[in-house]
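Visitor: Got a sequence here, can you model it:
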Amino acid sequence: MKRLVIPPRLFQAAELFIQVLIVYSIFTFVLETMPELSRFARFFEVSEAVVVAIFTVEYAIRWATAEKKWTYPFRPMSLVDLAAILPFFLALQVDLRAVRAFRLVRVLRILKLARYNQALQHLADAFALVRREFAVFAFLAGITLLLSATGIYYAEHDSQPDKFGSILACLWWSIVTLTTVGYGDVFPVTPFGKVFASLVMVVGIGVVAIPTGLMSSALTELARNKRDRRVACSPLWVSMLSLIP
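Guide: Below is the predicted model:
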């Protein structure tokens, strides 16, 4: 059986259309939650039905043209595609208010952009490249959060028992301080607490900088490898020119 060949321009146009439709569906989902736009409820319902219909056709076409049809529904992106349309059909079949919670899964549609966006794919590859380093960093960050919460508890509990009542309650202060957000609703007042908080803020700069540096180095390495492969596949004279600073 001869396989259907889609013209490149038509394929690119279809990808662009799906991208625009994903952004549109997320945009209408956000507008639908605004009380002042409740008079457009009918429009949102029809719009949702049309969007889901197109996504369903796309899902069916991808499944029908997949090489391994039995494993296609269990692929990560296939599960995202299914999660983007399943809540709509569940809401039609079951008349329960609890089913409306499934509509929150519509936010997952934004993950469908990863299928069409090469930059997001590069980001995912970079994360996979440094996933072990991220795991170690997450472990150390968790220990740092616990130590900072414990330290501020013993420094401020006697002076502010309502705000630093327990180590668990102090975790809120630890998170907003280590991430350098600093909401200002909970802050130390004792001298030792202020000194300890200053040290935590300095550590927080590293907490933000380390994952940024890991991702930057991974993206740089991926870009270098891609450039080396492109140079290797190019004619000799092109390869020589690309090595000139």
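
Visitor: Just give the nearest non-adjacent residue to the residue most central in space within the chain, would you?
Guide: Closest to where the C-alpha atoms of the chain average out (Cα atoms, centre = their mean) is L111, at 7.4 Å. Beyond its immediate neighbours in the sequence, the residue positioned closest to L111 (Cβ to Cβ, 6 or more residues apart in numbering) is V80, lying 4.8 Å away. Placement of C-beta: from N, CA and C, glycine included.

Visitor: Can you give me the distance of the one you found to L123?
Guide: Shown here: V80 relative to L123, a distance of 16 Å by Cβ to Cβ, to the nearest Å.

Visitor: same thing with V30?
Guide: As defined by Cβ to Cβ, V30 lies at a distance of 23 Å from L123.

Visitor: ok, now L146?
Guide: L146 is 30 Å from L123, by Cβ to Cβ.

Visitor: again with R224
Guide: If you go by Cβ to Cβ, the gap between R224 and L123 works out to 16 Å.

Visitor: out of V30 and L123, which sits in the busier spot?
Guide: With neighbours defined as other Cβ atoms under 10 Å, V30 and L123 compare such that L123 has more, 16 against 10.

Visitor: Off-centre distance for the helix or strand harbouring that one?
Guide: L123 belongs to helix 118-129 when elements are defined using DSSP states H and E. On the basis of Cα atoms, centre = their mean, to the nearest Å, the separation between the geometric centre of helix 118-129 and that of its chain is 12 Å.

Visitor: which is the next helix or strand following that helix?
Guide: Proceeding N to C from helix 118-129, the next assigned helix or strand is helix 131-156, under DSSP H and E.

Visitor: burial measure for E221, as a count.
Guide: When counting by other Cβ under 10 Å, one arrives at 14 neighbours for E221.

Visitor: That one: what's it in contact with?
Guide: Listed by Cβ atoms under 8 Å, 6 or more residues apart in numbering, the contact partners of E221 are L129.

Visitor: what's the domain layout of the protein?
Guide: The chain breaks down into these domains under automatic domain parsing: 8-116, 128-242.

Visitor: Kindly reformat those domains as a markdown table containing mean pLDDT.
Guide: As requested, the domains of the chain are arranged in a markdown table below (pLDDT from 0 to 100):
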| stretch | mean pLDDT |
| --- | --- |
| domain 8-116 | 79 |
| domain 128-242 | 81 |
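
Visitor: isn't the residue nearest to the centre of the chain right up against D81?
Guide: No: applying Cβ atoms under 8 Å, one finds L111 not in contact with D81, separated by 9.2 Å.

Visitor: joint contacts of the two?
Guide: With Cβ under 8 Å, 6+ apart, L111 and D81 have no common neighbours.

Visitor: which residues sit against the helix holding L123?
Guide: The list of residues contacting helix 118-129 from outside it, by Cβ under 8 Å, 6+ apart, reads L113, A114, F134, M215, A218, L219, E221, L222.

Visitor: List the buried residues in that helix.
Guide: Buried residues in helix 118-129, defined by neighbour count with 16 or more other Cβ atoms under 10 Å: L123, A126, L129.

Visitor: Pull out the buried positions in stretch 205-225.
Guide: By neighbour count with 16+ other Cβ under 10 Å, stretch 205-225 contains the buried residues V207, I210, P211, L214, M215, A218, L219.

Visitor: I meant stretch 190-209, not that one.
Guide: Within stretch 190-209, the residues that count as buried by 16+ other Cβ under 10 Å are T190, G193, F196, A197, V200, G204, V207.
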